[in-house]
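J.: take this sequence and fold it.
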Amino acid sequence: MPATPAPLIDTPCPPSGAADIRLVVTDMDGTLLDDAKRIPEGLWPMLAELRRRGVLFSPASGRQYATLARQFADVADGMVFIAENGTYVVRDGAELSSDPLDRSVAAEVARTVRRLVANGVDAGAVVCGKRAAYVERTDEPFLAEVRKYYVEHRIVEDVTAVDDDVIKVALFDFGSAEHTTAPALAGVAATHQVVVSGEHWVDVMNPTADKGAALRGLQRELGITPAQTMVFGDYLNDLEMLDAADWSFAMANAHPEVVRRARHLAPSNNDNGVLRTVARVLGVPL
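T.: Residues are numbered from 1 along each chain as shown. Model (predicted):
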């Protein structure tokens, strides 16, 4: 894998049909969505053309399944949703795979967040279940951030006592997740994944769970190879997913480590990078 990605924008476009792509997988925030969290309008006709060609399109996000299903409600038939950073994969309402988190680990993370808050850190925990996300904080600034990613959420007195299959614990830090919240989880990180998934978000998952593991499972089930897979990402929770595809693209706005890991560089999320790249490689009208 090259140390520096080859920028697709500067390389010759393959002849139409030369790239045998069967699966297009894209992160959402910072990748498909622009900074205003908008889905590009050109996506809908492109999805129709990809479907006509037999190419599966799959959103892969830290967002919950209910949020993704609502965003793609009009085109969801047959679409695979890689939700909650790969811990929950759903197609047509049926679970394809999941990787539940032990309740004792979820409780430990929640208690760590409580201690951080007691010491003055402006943060909160989101315990992510299959049915809903659960929070203890009730202030509007925090809930506004939660609603962006978890349309199905409930305020509870104690997130350690929810009656649901917990698949992930997400932490929102109004400061720097990478420099404040993530280091506080060093004890959990010894046995579980602690992934910085955005400037303000950290996700805690099983050591076997990530977007890459979910994607490899999907490839096996569908009989699709890495050479037939195109992946787009921008942040650290996308690294393993990029490794699962020969056609791996870091966005121009991506974290430096993501840029190093990917094979190619796509235009930024604000420059419609995903659609422009798919159009160029697959010869799809944009």
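
J.: and residue 184, how far from residue 177?
T.: Using Cβ to Cβ, to the nearest Å, one gets 10 Å for the distance from residue 184 to residue 177. C-beta coordinates here come from the backbone N, C-alpha and C atoms, glycine included.

J.: cool, residue 256 as well?
T.: Computed with Cβ to Cβ, the distance linking residue 256 and residue 177 is 16 Å.

J.: who has more neighbours out of these two?
T.: Summary of the neighbour comparison: residue 256 and residue 177, criterion other Cβ atoms under 10 Å, with residue 177 having more neighbours (22 against 8).

J.: isn't that one up against residue 170?
T.: No. With contacts defined as Cβ atoms under 8 Å, residue 177 does not count as touching residue 170, sitting 10.0 Å away.

J.: name the residues contacting each of these two.
T.: Here residue 177 and residue 170 have 201, 202 as joint contacts, going by Cβ atoms under 8 Å, 6 or more residues apart in numbering.

J.: for this protein, which helix is longest?
T.: In the chain, with assignment by DSSP state H, the single longest helix is helix 103-118.

J.: next, the buried residues of that one.
T.: Within helix 103-118, the residues scored as buried using 16 or more other Cβ atoms under 10 Å are 105, 106, 107, 108, 109, 110, 112, 113, 114, 116.

J.: which other residues reach stretch 97-117?
T.: 86-89, 123-125, 127, 130, 136, 159-160, 165-169, 171, 180-181, 184-185, 187-188, 191-192, 204-206, 208-209, 213-214, 217.

J.: my guess is residue 40 contacts residue 278. True?
T.: No. The pair residue 40 and residue 278 does not pass the contact test of Cβ under 8 Å, sitting 11.0 Å apart.

J.: give me the more crowded residue out of those two.
T.: Legend: neighbour count by other Cβ under 10 Å for residue 40 and residue 278, higher for residue 278 (26 against 17).

J.: what ranges do the strands span in the stretch 1-150 of the chain?
T.: 6-7, 23-26, 56-59, 80-83, 88-91, 94-98, 123-129, 133-135 (DSSP state E, counting those that start in this stretch).

J.: name the residue closest to the centre of this protein, please.
T.: The centroid of the chain falls nearest to residue 61 when counting by Cα atoms, centre = their mean (2.1 Å).

J.: what does the model give that one for pLDDT?
T.: At residue 61, the predicted lDDT confidence score is 95.

J.: show me what contacts it?
T.: With contacts defined as Cβ under 8 Å, 6+ apart, residue 61 is in contact with 27, 28, 29, 68, 82, 83, 85.

J.: can those go into a markdown table with extra columns for neighbour count?
T.: Supplementary listing: these in a markdown table, determined by neighbours: other Cβ atoms under 10 Å:
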| residue | neighbour count |
| --- | --- |
| 27 | 31 |
| 28 | 21 |
| 29 | 20 |
| 68 | 24 |
| 82 | 27 |
| 83 | 28 |
| 85 | 31 |
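
J.: among those, which one lies nearest to residue 244?
T.: Closest approach between the contacts of residue 61 and residue 244, by Cβ to Cβ: residue 82, at 11.0 Å.

J.: report the contact partners of the residue nearest to that closest one when sequence neighbours are not counted.
T.: Nearest residue to residue 82, sequence neighbours excluded (Cβ to Cβ, 6 or more residues apart in numbering): residue 60, at 3.8 Å. Residue 60 makes contact with 25, 26, 27, 28, 82, 86, 211, 214, 215, 231, 238, 241 under the criterion Cβ under 8 Å, 6+ apart.

J.: try 7 Å this time
T.: With contacts defined as Cβ atoms under 7 Å, 6 or more residues apart in numbering, the neighbours of residue 60 are 25, 26, 27, 82, 211, 215, 241.

J.: any chance of TSV for those, columns pLDDT and distance to residue 144?
T.: Rendered in TSV, the data for these read as follows (pLDDT from 0 to 100; distance: Cβ to Cβ, whole Å):
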residue	pLDDT	distance to residue 144
25	98	28
26	98	25
27	98	22
82	98	25
211	96	26
215	97	31
241	97	28
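
J.: for those, which one is nearest residue 36?
T.: Of all those, the one sitting nearest residue 36 is residue 27; the distance, using Cβ to Cβ, is 16.4 Å.
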